[in-house]
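K.L.:
Sequence plus predicted model, see below.
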Amino acid sequence: MTDAPLVLRERLLEAPWARDLAGPQVARVAKETLLVHHASGSVICREGEPALHWIGVIDGMVKVDTVSAEGRSTTFIGVSSGGWLGEGSLLKRERRHYEVVALRDSWIALVPLETFTWLFETSLTFNHFLVHQLNARLGQFVAVVESCRIQTTTAQVAVCLAGLFNRELSPQAPNVLKISHEELARLCGLSRQVAGRALHELEQAALVKMQYGVIRVLDVDALHAFARSGELHTDSSPARSRGLPSP
DNA sequence: TCATTAAACGCGT
DNA sequence: ACGCGTTTAATGA
């Protein structure tokens, strides 16, 4: 087992839910939270396992997915640095319904069930955070369903990409995503071909720039706007003139 | 018939 | 070894 660098422990306590806790609560979280490293592709928790931890992505990226009996798999969400997940099973005291897998080398925080429950029962701040997070995630899923039903595939990809940059759910997500077209396609529920075509359209619209295995988001706000409206303004469009005064 | 898909192939990093 | 464009063969609208 590798020891986590000190800077990661510090980052844990900078999490939005941890920042405003009282001193003794912070101390207990710091003492009881585990920091573990997961290599890309390794399973952080399995479907059907008892849920014993709340999961934080301190550095890296994970996906939440499921595999059907026939072996077909799909990804529900990706969670970037600064994101927290897995509270659903803890709150319901259920086994894990989904699998959590590291999409790249990641440092993962594991808050024990007992610690999580104690915060849930004693901290109003913590409860506010949970409500906020559940609300944000619900909004994200509604956006996915909406785009899936009434938008183009390009908009669907934008919604899924924007989801990785949700300021509430993954506050520290870097603008440079190390993710393959194949994984992004799984995340969007699209084929690799279609996801690739959509990414090129987003690139032409100057919302993203692609490199080998990397998607760099150039304009997070524009990506969110497109994800919301489904309206894509390419740079050839008159609506997007040069030399706008920018703040 | 046309579009879409997963798998295979091949080139480049 | 992996990422990604392309080809191919099967499937379905």
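P.N.:
All right, it came through fine. Numbers count the residues shown, from 1 in each chain, chains lettered A, B, ... in the order given.

K.L.:
Next to DNA strand B in this structure, residues from chain A, please.
P.N.:
Listed as neighbours of DNA strand B in chain A under the rule Cβ under 7 Å from any atom of the strand: A:Leu190, A:Ser191, A:Arg192, A:Gln193, A:Val194, A:Tyr212. Yep, even glycine has a C-beta here, placed from its N, CA and C like the rest.

K.L.:
can we see that at 6 Å?
P.N.:
Selection of chain A residues close to DNA strand B by Cβ under 6 Å from any atom of the strand yields A:Leu190, A:Ser191, A:Gln193, A:Val194, A:Tyr212.

K.L.:
Pull out the buried residues from those.
P.N.:
A:Leu190, A:Val194 (16 or more other Cβ atoms under 10 Å).

K.L.:
Can you narrow the residues of chain A next to DNA strand B down to the ones near DNA strand C?
P.N.:
Among these, proximity to DNA strand C is found for A:Gln193, A:Tyr212 (Cβ under 6 Å from any atom of the strand).

K.L.:
For the residues of chain A next to DNA strand B, give me TSV that also has distance to A:Phe126 and secondary structure.
P.N.:
Putting the residues of chain A next to DNA strand B into TSV (distance: Cβ to Cβ, whole Å; DSSP: H, G, I helix; E, B strand; the rest coil) gives the following:
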residue	distance to A:Phe126	secondary structure
A:Leu190	37	coil
A:Ser191	41	coil
A:Gln193	44	helix
A:Val194	41	helix
A:Tyr212	41	coil
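
K.L.:
Next, format the residues of chain A next to DNA strand B as a markdown table and append pLDDT.
P.N.:
Written out in a markdown table, the entries for the residues of chain A next to DNA strand B read as follows (pLDDT from 0 to 100):
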| residue | pLDDT |
| --- | --- |
| A:Leu190 | 96 |
| A:Ser191 | 96 |
| A:Gln193 | 97 |
| A:Val194 | 97 |
| A:Tyr212 | 96 |
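
K.L.:
residues in contact with the residue nearest the centre of chain A?
P.N.:
Compute the mean C-alpha point of chain A, and by Cα atoms, centre = their mean the closest residue is A:Val79, 2.0 Å away. The contact partners of A:Val79, by Cβ atoms under 8 Å, 6 or more residues apart in numbering, come to A:Val57, A:Met61, A:Val62, A:Lys63, A:Val64, A:Leu85, A:Leu164, A:Leu169, A:Ser170.
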